[in-house]
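Q: Prediction below, plus the sequence it came from.
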Amino acid sequence: MHVVDPTLRILLVEDDEDDYILTRELIREFRWSMPLLEWESDFARALDAMVAGSYDVYLLDYRLGPHSGLDLLQAAVEKGCKAPIILLTGQGDHEVDLQAMEAGAADYLVKGSLKAPALERAIRYAIQQRRMMAELAETRMRLAESRESERLHFARELHDGPLQDLIGARFHLGVLAGSVQDEQAAVHLATVQEGLQSVINTLRAMCGNLRPPALAPFGLEKAIRAHAQAFRERYPHLQITLELDSDNQELPERVRLALFRIYQSALANVVQHAGATSVRVQFRLGERQLLLRVEDDGHGFQVPGNWLDFAREGHFGFLGAMERAESIGGQLSVQSAPDSGTEILVRAPRPGKTTDIMPTQAVQPQS
């Protein structure tokens, strides 16, 4: 008989004590190790434990009194449950299976035919898959940080080098123009000055896009407002509505930067592809979760089943935005249809308040 492994804790959420006893006996037959199994029959207490991240794996019975295991699964994922969740049911149901997978379940098992090796394998695979997803998210986060570091370096080099040289050249041209008596030469110099000023303005805009000037000192809300105001001036036909909570510079810079880049990309798509007349930007700083929504009234598009194929066709923006969301432990979803506008929604854990939100099948790029 195996010794209980206290490092692997499993919570069974089940309102039938007989089923708890049967599950306990199955776990005692595990070949490699015997996890510590605990039982909870109350929906609310189980949800609290899942949100708190108290266990390594959760086994949910499909029927939980007035609720269902699917209800608990969806609520836990929405509130940021990180650990793998396996749904158990008395009999197989293909529709429930699909709903469970779409809601974020790691597996779906039928209790009537369940044997110890199958349960052990499902638990082991679920833990391994979640660990791999966490490592992938960590890699993406480091890659995003590296990219932003390169952007910052390039913005500084551009600002302190070529941009300053051009500003100096324009100044000297202005001095020269003031001393030229020939009218035709003065006209040519004025034309050159205008051209230089245009290049200077373009480079300043590039520096701002590479490193939003308001983001670091003022926070995400102020950076979005400043960017939106510049956008209104550039595209006066576009009505931009902002509903933004103030982050008061509370969020880590990498989180602010990721959300700003997603917003920035979404607004660029609105102008370049959507043909929209209005766009609404919403940022909510919840107790446990951050929410960013960008929706427009444009012509919309058919959401692809495979985002990697969509990127291979030249549409890289959405895939990049998904990677940015995942780099901060969040998920990005896209809702759109021809002639129905587009909504981009990002949900991410509030740093220091909750655990990571792992991407569900509906928004993961497929290989």
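A: Structure received.
Q: Show me where the protein has its helices.
A: Using DSSP state H, the helices of the chain run over residues 17-28, 43-52, 69-78, 94-103, 116-158, 164-179, 183-210, 215-218, 220-234, 253-269, 307-312, 317-327.
Q: can I get those in JSON lines with distance to Asp339, mean pLDDT and mean neighbour count?
A: Where C-beta positions appear, they are placed from N, C-alpha and C, glycine not excepted. Shown next, in JSON lines, are these (distance: least, Cβ to Cβ, whole Å; pLDDT from 0 to 100; neighbours: other Cβ atoms under 10 Å):
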{"stretch": "helix 17-28", "distance to Asp339": "49", "mean pLDDT": "85", "mean neighbour count": "15"}
{"stretch": "helix 43-52", "distance to Asp339": "39", "mean pLDDT": "87", "mean neighbour count": "18"}
{"stretch": "helix 69-78", "distance to Asp339": "30", "mean pLDDT": "84", "mean neighbour count": "20"}
{"stretch": "helix 94-103", "distance to Asp339": "26", "mean pLDDT": "77", "mean neighbour count": "15"}
{"stretch": "helix 116-158", "distance to Asp339": "34", "mean pLDDT": "76", "mean neighbour count": "15"}
{"stretch": "helix 164-179", "distance to Asp339": "45", "mean pLDDT": "78", "mean neighbour count": "12"}
{"stretch": "helix 183-210", "distance to Asp339": "31", "mean pLDDT": "79", "mean neighbour count": "14"}
{"stretch": "helix 215-218", "distance to Asp339": "35", "mean pLDDT": "61", "mean neighbour count": "15"}
{"stretch": "helix 220-234", "distance to Asp339": "24", "mean pLDDT": "87", "mean neighbour count": "17"}
{"stretch": "helix 253-269", "distance to Asp339": "17", "mean pLDDT": "87", "mean neighbour count": "21"}
{"stretch": "helix 307-312", "distance to Asp339": "19", "mean pLDDT": "61", "mean neighbour count": "15"}
{"stretch": "helix 317-327", "distance to Asp339": "19", "mean pLDDT": "80", "mean neighbour count": "22"}
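Q: Just put these in CSV and tack on distance to Val346.
A: Formatted as CSV, the helices of the chain follow (distance: least, Cβ to Cβ, whole Å):
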stretch, distance to Val346
helix 17-28, 37
helix 43-52, 20
helix 69-78, 14
helix 94-103, 18
helix 116-158, 14
helix 164-179, 37
helix 183-210, 20
helix 215-218, 17
helix 220-234, 12
helix 253-269, 6
helix 307-312, 15
helix 317-327, 5
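Q: Between those, which one is closest to Pro351.
A: Of all these, it is helix 253-269 that lies closest to Pro351, at 6.1 Å by Cβ to Cβ.
Q: relative orientation of the closest one and helix 183-210 in degrees?
A: Orientation check (axes from the mean of the first three to the mean of the last three Cα atoms, to 10 degrees): helix 253-269 against helix 183-210 gives 120 degrees.
Q: starting at the chain centroid, how far to helix 253-269?
A: 10 Å (Cα atoms, centre = their mean, to the nearest Å).
Q: Centre of the chain to stretch 123-131, how far?
A: The mean C-alpha position of stretch 123-131 is separated from the chain mean by 22 Å, Cα atoms, centre = their mean.
Q: can you offset everything so residue one is 425?
A: In the new count, where the first residue is 425, that last one comes out as stretch 547-555.
Q: List the contacts of that stretch.
A: 432, 434, 456, 459, 480-481, 506-508, 510, 530-531, 782 (Cβ atoms under 8 Å, 6 or more residues apart in numbering).
Q: pretty sure Leu597 is in contact with Leu620, am I right?
A: Yes: counting by Cβ atoms under 8 Å, Leu620 is a contact partner of Leu597 at 6.9 Å.
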